[in-house]
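Participant: I'd like to go over a predicted model; first the sequence, then the structure.
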Amino acid sequence: MPHIALKDVTKEYPAPQRGHAPTVAVDRVSLEIEKGDVFGIIGYSGAGKSTLVRLINALEPATAGSIEIDGTDITRLSAARQRQMRTGIGMIFQRFNLLSSRSVRRNVEYPLEVAGMGKAERRRKALELLDFVGLADKAGAFPEQLSGGQQQRVGIARALAADPPILLADEATSALDPETTDEVLDLLAKVNRDLGVTIVVITHEMEVIARIATKVAVMDRGQVVEAGETYSVFTNPQTATSRRFVRTVVRNLPTGDELTELRAQHEGRFFTISFTDEGATEARVFGALARAGVDFNLVYGGVDSIQGRVYGLLTIAVRGDAAAVDEAVSSIGSGVTVEEVHA
Amino acid sequence: MSIIEQVTELMPTLLEQTGIMLWIVALALIFGGICGLILGLLLYVTRKGGIMQQTVVFWVINILVNTFRPVPFIIFIAAIQPLARQVVGTGIGSDAVVFGISIAASFFIARLVEQNLMAVDPGVIEAARAMGASPWRIVRTVILPEALGPLVLGYTFAIVALIDMSAVAGIIGGEGLGNYAVSYGYRQFDPVVTWTALFIIVIVVQLIQAFGNILARKILRR
Ligand SMILES: Nc1ncnc2c1ncn2[C@@H]1O[C@H](COP(=O)(O)OP(=O)(O)O)[C@@H](O)[C@H]1O
Ligand SMILES: [Mg+2]
């Protein structure tokens, strides 16, 4: 049985004005998330990611479909039972959402107060969690005295205080600079590894998914257009929408304007070459072209790391007579996908 | 008689009247402050998208507040006299004044509270909901504490408005410094009385405002 199972979940918001169609924020989404997954949900702004994640802890009621957590359909629970259920799901936010009227320690104690834990016990638990996120010395500080990264770590400590098996992260690093983003992502990876917490990560940033998500679902206009292992979804997207999405977020392919500019600067025929760690290395690709004796250069792209694995996507310009170029390109060998970029 | 002598002679009476004014304002602040807090909170939580959305409750309170809040207080206190007779047993004197100010202050403070609560970051309310907090717990532990600084400033502002209201107490036979200044200063052409009363009111208002500012600054830690 999956840990979290969404079946044909739809969420409509009423039309802003009479006579308009309602907004379908989430459109017949089915997903299965296993215990221990770091499950990424990626999509452009407005794709319905935040709505989807807020359905999982019933902050919003679903219009149709079922959402099962460990086999219990949470959409059918009473309001009181839903609140009870939420204590088992931590959540962190883009803007951290810490209580400015409380110290860091008392922020972390909040879910424990809700759970009815005694004062001394709460205090001990909060300090333990602050230690886990590396902020033991900030217990008495107030949120506004901390940096963004520190505030998010307090947010994580607070979300984990009641030992929830699930953590939802809605754009948790989108308000942070790249360096702080890495720290927070490392912390989330540690939460998953050391505490076994299942994490659902919502983001519009490819880097976040590439670093920590073992599985990913690509959302577009309320629908999940593709879901699977992160590495295979990003290196070999199956649907047109996810291909388009992956290409824009991976940023290793020139856009139309960039391509026009590149063609002005470089002669020859353009090819995109993609390879995974199972197929080839950059060195093998260049070696094969060099041995074939054609003149070529790399004009765009590079090699990325997705889930610690290599993924290369290069655009090259190759010069020479047509037959020699074809010969050279086909000599690159297996495990590499070569596509000519036509003008 | 020199001005100094006249002021010295007036002082005991003026201070007594100041005491009456502060007593009326304090009582009205307790009753009106509590009713206003409850009404303002209800407006905030029952509105569309609020944490306890109740459209009917919202509209009833909203219409009530909208109807009575803009009425000039001098008309309001006269109009509410029959009700005062029912509730406090008399339509004249300080008790009736306290009653009138309390009711008017409730509507006025209700809006003030509502506006300050609206400024609470919806994100922290969402976070509390996500942690499983009930609506009532969210009111107690999130909304009120998060809005406390602005609420203190709002109530300080309300006290000054209550002092203003207390000055028309005379029309239903109430006492107080404002009324004294009108009756013995203005009506009897005695500018010394008027100006001495004014001076005392300015000092009282400044003290209250300073106290409110310090308290709010302490709460907001800035
Ligand atoms: N409370 C709401 N009321 C009405 N429409 C909403 C509400 N929340 C989100 N939407 C709409 O639902 C769609 C998806 O929004 P959202 O889930 O926030 O997307 P994302 O998080 O992917 O950017 C958008 O069109 C948005 O305008
Ligand atoms: Mg969002």
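Facilitator: Perfect, I can see it now. Residues are numbered from 1 along each chain as shown, chains lettered A, B, ... in the order given. Ligands and ions are numbered 1, 2, ... in the order given.
Participant: who touches residue A:327 in this structure?
Facilitator: residue A:292 (CB atoms under 8 Å, 6 or more residues apart in numbering or on different chains). C-betas here are computed from N, CA, C, even on glycine.
Participant: Would you mind writing the CA trace of the one helix or strand it maps to as CSV?
Facilitator: For residue A:327, the host element (DSSP states H and E) is helix A:322-330. What follows is helix A:322-330, C-alpha atoms only, in CSV (Å, rounded to 0.1, in the frame of the first residue of the first chain):
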residue,chain,number,x,y,z
ALA,A,322,27.7,16.4,-45.8
ALA,A,323,28.8,12.8,-46.0
ALA,A,324,31.7,13.2,-43.7
VAL,A,325,29.6,15.0,-41.1
ASP,A,326,27.0,12.2,-41.2
GLU,A,327,29.7,9.6,-40.9
ALA,A,328,31.3,11.4,-38.0
VAL,A,329,28.0,11.8,-36.1
SER,A,330,27.0,8.2,-36.5
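Participant: Show me which residues of that helix are buried.
Facilitator: By neighbour count on 16 or more other CB atoms under 10 Å in any protein chain shown, the buried set for helix A:322-330 is A:325, A:326, A:328, A:329.
Participant: Check the spacing between the second one and chain B real quick.
Facilitator: If I follow you right, that is residue A:326. Going from residue A:326 to chain B by CB to the nearest CB, to the nearest Å gives 58 Å.
Participant: Ok, the third one next?
Facilitator: The span separating residue A:328 from chain B equals 57 Å under the rule CB to the nearest CB.
Participant: show me the contacts for that residue.
Facilitator: Residue A:328 makes contacts with A:288, A:289, A:292, A:293, A:294, A:296, A:318, A:320, as judged by CB under 8 Å, 6+ apart.
Participant: Ok, the first one next?
Facilitator: Residues near residue A:325 by CB under 8 Å, 6+ apart: A:268, A:269, A:294, A:318, A:319.
Participant: strands paired with the helix or strand the fourth one falls within, and their directions?
Facilitator: The one in question is residue A:318. Using DSSP H and E, residue A:318 falls within strand A:309-319. Partner strands and pairing direction for strand A:309-319 (DSSP bridges) are strand A:269-276 (antiparallel), strand A:295-306 (antiparallel).
Participant: related to what we said a few turns ago, and the contacts of residue A:328, which of them are buried?
Facilitator: A:288, A:289, A:292, A:294, A:296, A:318, A:320.
Participant: can you redo these as CSV with pLDDT?
Facilitator: Formatted as CSV, the buried ones among the contacts of residue A:328 follow (pLDDT from 0 to 100):
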residue, pLDDT
A:288, 83
A:289, 84
A:292, 83
A:294, 86
A:296, 89
A:318, 89
A:320, 84
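Participant: the bottom helix or strand of the chain by mean pLDDT?
Facilitator: Just going to use chain A. Taking mean pLDDT, DSSP states H and E as the measure, the helix or strand of chain A with the lowest value is helix A:240-250, at a mean of 75.
Participant: could you do chain B instead?
Facilitator: For chain B, judged by mean pLDDT, DSSP H and E, that is helix B:177-180, with a mean of 86.
Participant: Show residues contacting that helix.
Facilitator: Contacts of helix B:177-180 (CB under 8 Å, 6+ apart): B:13-14, B:17-18, B:20-21, B:163-164, B:166-170, B:193, B:197, B:200-201.
Participant: among those residues, which are in reach of chain A?
Facilitator: Restricting the contacts of helix B:177-180 to those touching chain A (CB under 8 Å from any CB of the partner chain) yields no residues.
Participant: Mind checking which of these land in helices?
Facilitator: Within the contacts of helix B:177-180, residues falling in helices by DSSP state H are B:13-14, B:17-18, B:20-21, B:163-164, B:166, B:193, B:197, B:200-201.
Participant: Buried subset of the residues you listed, written for ChimeraX?
Facilitator: Burial among these is assessed by 16+ other CB under 10 Å; the matching ChimeraX selection reads:
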select /B:14,17,18,20,21,163,166,193,197,200,201
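Participant: ok, which residues in the stretch 51-200 of chain A are in contact with ligand 1?
Facilitator: Counting by CB under 6 Å from any ligand atom, the residues of the stretch 51-200 of chain A close to ligand 1 are residue A:51.
Participant: Now the strand holding residue A:318: buried residues?
Facilitator: A:310, A:311, A:312, A:313, A:314, A:315, A:316, A:317, A:318.
Participant: Quick check, the third one in contact with residue A:305.
Facilitator: No: between residue A:312 and residue A:305 there is no contact, the gap being 10.5 Å when judged by CB atoms under 8 Å.
Participant: Check whether residue A:82 really touches residue A:72, as I assumed.
Facilitator: No: the pair residue A:82 / residue A:72 is not scored as a contact, 10.8 Å apart, by CB under 8 Å.
Participant: With neighbour numbers in mind, choose between these two.
Facilitator: residue A:82 (18 against 12; other CB atoms under 10 Å in any protein chain shown).
Participant: can you pull the contacts of residue 135?
Facilitator: All of this refers to chain A. By CB under 8 Å, 6+ apart, the contact set of residue A:135 is A:104, A:150, A:153, A:154, A:157.
Participant: if you could check chain B rather than the one you did, that'd help
Facilitator: Here residue B:135 is in contact with B:45, B:51, B:52 (CB under 8 Å, 6+ apart).
Participant: which one is residue A:3 nearest to, not counting chain neighbours?
Facilitator: Nearest residue to residue A:3 in three dimensions, chain neighbours excluded: residue A:35, at 4.4 Å (CB to CB, 6 or more residues apart in numbering or on different chains).
Participant: what helix or strand does the one you found sit in?
Facilitator: Residue A:35 belongs to no helix or strand, assigned by DSSP H and E.
Participant: For the strand or helix carrying residue B:159, enumerate the helices and strands it packs against.
Facilitator: Per DSSP H and E, residue B:159 falls inside helix B:144-166. Using 3 or more CB pairs under 8 Å, 6 or more residues apart in numbering or on different chains; DSSP states H and E, the elements in contact with helix B:144-166 are helix B:3-46, helix B:73-79, helix B:94-118, helix B:177-180, helix B:191-220.
Participant: follow-up on the earlier one: adding distance to ligand 1 and pLDDT, write the buried residues of helix A:322-330 out as TSV.
Facilitator: Output for these, formatted as TSV (distance: CB to the nearest ligand atom, whole Å; pLDDT from 0 to 100):
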residue	distance to ligand 1	pLDDT
A:325	43	85
A:326	44	85
A:328	44	83
A:329	39	82
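Participant: Residue A:194: neighbour count?
Facilitator: Residue A:194, neighbours per other CB under 10 Å, totals 9.
Participant: again, but for the one 4 residues further on
Facilitator: Counted with other CB under 10 Å, residues neighbouring residue A:198 total 20.
Participant: Equivalent analysis for the one 5 residues further on, please.
Facilitator: As a burial measure, residue A:203 scores 24 neighbours (other CB under 10 Å).
Participant: In contact with residue 220: list those residues for me.
Facilitator: Just going to use chain A. A:43, A:44, A:47, A:241, A:242, A:245.
Participant: should've been chain B
Facilitator: residue B:149.
Participant: Just say helix, strand or coil for the closest residue to chain B within the stretch 201-343 of chain A.
Facilitator: Closest residue of the stretch 201-343 of chain A to chain B, CB to the nearest CB: residue A:202 (13.5 Å). When classified by DSSP: H, G, I helix; E, B strand; the rest coil, residue A:202 comes out as strand.
Participant: Verify the stated contact: it with residue A:47.
Facilitator: No: in this structure, residue A:202 is not within contact of residue A:47 by CB under 8 Å, at 9.7 Å.
Participant: where's the residue in the stretch 51-200 of chain A positioned nearest to ligand 1 relative to chain B, distance?
Facilitator: Residue nearest to ligand 1 within the stretch 51-200 of chain A (CB to the nearest ligand atom): residue A:51, separated by 3.3 Å. Per CB to the nearest CB, residue A:51 is found 13 Å from chain B.
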